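Visitor: With the input below, show me the fold.
(2 chains)
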Protein chains: 2
Amino acid sequence: MTLHPFDDATALEPAGDNTWLGRTSAAYANMVGPFGGVTAAQALSAVLRHPQRLGEPVALTVNFAAALEDGPFEVVAHPARTNRSTQHWTLEIRQQGQPVLTGTAFTALRRETWAATEHALPDAPPPAQVALPVGAKRVEWVNRYEMRFVEGAFPSQWDGKDHGVSRTRLWLRDAPPRPLDFASLTALADVFYPRIWRRRALLVPIGTVSMTVYFHADAAQLRQAGTGYLLGQAQAQAFQGGYFDQTAQLWTEGGTLLATTHQVVYYKE
Amino acid sequence: MTLHPFDDATALEPAGDNTWLGRTSAAYANMVGPFGGVTAAQALSAVLRHPQRLGEPVALTVNFAAALEDGPFEVVAHPARTNRSTQHWTLEIRQQGQPVLTGTAFTALRRETWAATEHALPDAPPPAQVALPVGAKRVEWVNRYEMRFVEGAFPSQWDGKDHGVSRTRLWLRDAPPRPLDFASLTALADVFYPRIWRRRALLVPIGTVSMTVYFHADAAQLRQAGTGYLLGQAQAQAFQGGYFDQTAQLWTEGGTLLATTHQVVYYKE
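Guide: Next up, the predicted model:
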């Protein structure tokens, strides 16, 4: 049986206390180095594999400190503080002994509580009625996701005009389909193409510097989501002084908000 | 001349490489321990005082790993990676040798670029037309802020009904007024009372576990904001399995989006 490319990409080998070895995956190659969503998933993967892990991921923040070089890396996941039902982690990915990613994670034993999705699933035609984009993909990792744009598709004309809005909505899932889990949801939280490209229709240099994911679903809800489509929505709130933010949501087709996520991105213009 | 209570609260003494000593402030006391916004500001304060700091804060994430005890603490701010115009920091606050806060920060030299506030200042009557809340404050730190609620004020009736929405809008500033800077803006990003109290009008136990602030303004824009009011808006997107999120914005009266911020909060119900 062949491994799904995402499982292959996020595989880690134990390498001592709190430490694992991984390597970048050609299947998720970006313009330079790997797709950041998979790098974030690799960092979380060390927490998920840790023998002392308590509970499930609730929050993850990763900071992209330097471009990863293609090849091997070391992941360190350190349980900095373990409480009765919660645990705080510090994360680092290193290459040649230097940090290329820093981060923190929070895991917890979840309990049944009163619950509500306040940010409701936006109106969208069902996935089967939304066409796949045509044309060659510019970078390899984009081929690892099925993306059906409902609004704010990747620009086909780079006219450089201010389009006034940066919102994108799309149905998305792994390609080929793969049952959802915390690692793949982390990567899915980073699939949105840069909001400045959407707003300005201008292909300027960009790079995510920090990304946070809040997991609202537990493992059982992710299993239930299975290989179904997620509706993803992303929008910037401000562009200023070389950095813009992105706030995004990922719902199941049934309207459960699985994750909310934010990032801040460098841009040059 | 008397120090403003916020400057007194965020004062730190150098204590060796990357390390400072601080103490909790009675002026910002919460129900148990200190107001988390000031704790976050104290962590950032170590970065701001660091002799090797490059640039200004762009992103900050802090995780509240354990309740702070009233008294002294140690802050460690470590420049994990310094690039040409950006710098990645790891943060820790310790008491009795144990981490009570973990975090990361990102600082950068900002450049003039094309800029836009996409999330516009919501409609609100000017601050002078919005009444101050009446009645005694339940915790001391609330007295350190002037809060004029436009929408979603602190509930006066705890009826336990589902009010269907968790949004709050308010004019706010330090009390007494104090010129805005990165540290005080960090604390202001945490002034919103818990969204579940708003949504359910139910005073359930809560605690912020992780908070992220993206700074869209540079030091010059903060100086320009001075002692003016900020419009703050906060809303939850999901409540699930003992945790809810909050997404929030802080604008100047003139409509500049100074910061966007997110947090994930434990609740028991």
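Visitor: Is chain B within reach of the longest helix along chain A?
Guide: Ranked by residue count under DSSP state H, the longest helix found in chain A is helix A:36-49. No: Helix A:36-49 is not in contact with chain B by Cβ under 8 Å from any Cβ of the partner chain; minimum separation 12.1 Å. C-beta: built from backbone N, CA, C; applies to glycine.
Visitor: now do stretch A:82-97
Guide: Yes: using Cβ under 8 Å from any Cβ, stretch A:82-97 reaches chain B at A:83, A:86, A:88, A:90, A:92.
Visitor: and of these, the nearest to residue B:246?
Guide: Using Cβ to Cβ, residue A:86 comes nearest to residue B:246 of the residues of stretch A:82-97 next to chain B, at 18.0 Å.
Visitor: Can you classify residue A:141 as helix, strand or coil?
Guide: helix (DSSP: H, G, I helix; E, B strand; the rest coil).
Visitor: all strands for the stretch 101-250 of chain A, in order.
Guide: Counting by DSSP state E, counting those that start in this stretch, one finds strands in the stretch 101-250 of chain A at the ranges A:116-117, A:145-151, A:168-174, A:206-215, A:230-235, A:238-240, A:243-252.
Visitor: What helices and strands are in contact with the fourth one?
Guide: To tie it back to what came earlier, the one meant is strand A:206-215. helix A:36-49, strand A:56-64, helix A:182-188, strand A:257-267, strand B:56-64, strand B:98-108, strand B:206-215, strand B:257-267 (3 or more Cβ pairs under 8 Å, 6 or more residues apart in numbering or on different chains; DSSP states H and E).
Visitor: in its sheet, what does the fourth one sit against?
Guide: Strand A:257-267 has these partner strands in its sheet, going by DSSP bridges: strand A:206-215 (antiparallel), strand A:243-252 (antiparallel).
Visitor: Run through chain A and note the low-pLDDT ranges.
Guide: A:1 (pLDDT under 70).
Visitor: Identify the residues contacting residue A:256.
Guide: Neighbouring residues of residue A:256 by Cβ atoms under 8 Å, 6 or more residues apart in numbering or on different chains: A:117, A:216-217, A:221, A:225.
Visitor: Kindly identify which of those residues also come near chain B.
Guide: Among the contacts of residue A:256, the residues that sit close to chain B (Cβ under 8 Å from any Cβ) are A:117, A:216-217.
Visitor: rewinding a little: can you list the strands of the stretch 101-250 of chain A in CSV and add mean neighbour count and distance to residue B:71?
Guide: CSV is the format used below for the strands of the stretch 101-250 of chain A (neighbours: other Cβ atoms under 10 Å in any protein chain shown; distance: least, Cβ to Cβ, whole Å):
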stretch, mean neighbour count, distance to residue B:71
strand A:116-117, 18, 39
strand A:145-151, 18, 50
strand A:168-174, 22, 48
strand A:206-215, 25, 30
strand A:230-235, 23, 43
strand A:238-240, 24, 38
strand A:243-252, 24, 36
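Visitor: quick one: which of these is nearest residue B:188?
Guide: Residue B:188 sits nearest to strand A:238-240 of all those, at 16.3 Å, using Cβ to Cβ.
Visitor: Counting by contacts, list what the closest one packs against.
Guide: Using 3+ Cβ pairs under 8 Å, 6+ apart: strand A:238-240 touches helix A:195-200, strand B:116-117, strand B:257-267.
Visitor: mind checking which of these is nearest residue A:107?
Guide: Of the helices and strands packed on strand A:238-240, the one closest to residue A:107 (Cβ to Cβ) turns out to be strand B:257-267, at 12.0 Å.
Visitor: Doesn't residue A:53 belong to a helix?
Guide: No: read with three-state DSSP, residue A:53 is coil and lies in no helix.
Visitor: I figured it hits residue A:87, correct?
Guide: Yes: counting by Cβ atoms under 8 Å, residue A:53 does reach residue A:87; the two are 7.0 Å apart.
Visitor: Now do the shared contacts for these two.
Guide: A:79, A:107.
Visitor: out of the two, which sits in the more crowded spot?
Guide: Between residue A:53 and residue A:87, counted using other Cβ atoms under 10 Å in any protein chain shown, residue A:87 has the larger neighbour count: 23 against 18.
Visitor: The helix or strand harbouring that one pairs with which strands?
Guide: In the assignment (DSSP states H and E), residue A:87 maps to strand A:86-95. Paired strands of strand A:86-95, with direction, are strand A:72-82 (antiparallel), strand A:98-108 (antiparallel) (DSSP bridges).
Visitor: ok so, going back, possible to save the helices and strands packed on strand A:206-215 as CSV with distance to residue B:141?
Guide: Formatted as CSV, the helices and strands packed on strand A:206-215 follow (distance: least, Cβ to Cβ, whole Å):
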stretch, distance to residue B:141
helix A:36-49, 33
strand A:56-64, 24
helix A:182-188, 34
strand A:257-267, 26
strand B:56-64, 15
strand B:98-108, 17
strand B:206-215, 13
strand B:257-267, 16
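Visitor: Those: which one's closest to residue A:19?
Guide: helix A:36-49 (8.2 Å).
Visitor: roughly how far out does the closest one sit from the chain middle?
Guide: Distance of helix A:36-49 from the chain centroid (Cα atoms, centre = their mean, to the nearest Å) equals 10 Å.
Visitor: Could you give me the buried positions within that helix?
Guide: Buried residues in helix A:36-49, counting neighbours by 16 or more other Cβ atoms under 10 Å in any protein chain shown, are found at A:36-49.
Visitor: Who are the packing partners of that helix?
Guide: Using 3+ Cβ pairs under 8 Å, 6+ apart, helix A:36-49 sits against helix A:5-9, strand A:19-23, strand A:56-64, strand A:72-82, strand A:86-95, strand A:98-108, helix A:182-188, strand A:206-215.
Visitor: Go through the ones you listed and pick out the most buried.
Guide: Of the helices and strands packed on helix A:36-49, the one with the most neighbours on average (mean count of other Cβ atoms under 10 Å in any protein chain shown) is strand A:56-64, at a mean of 27.
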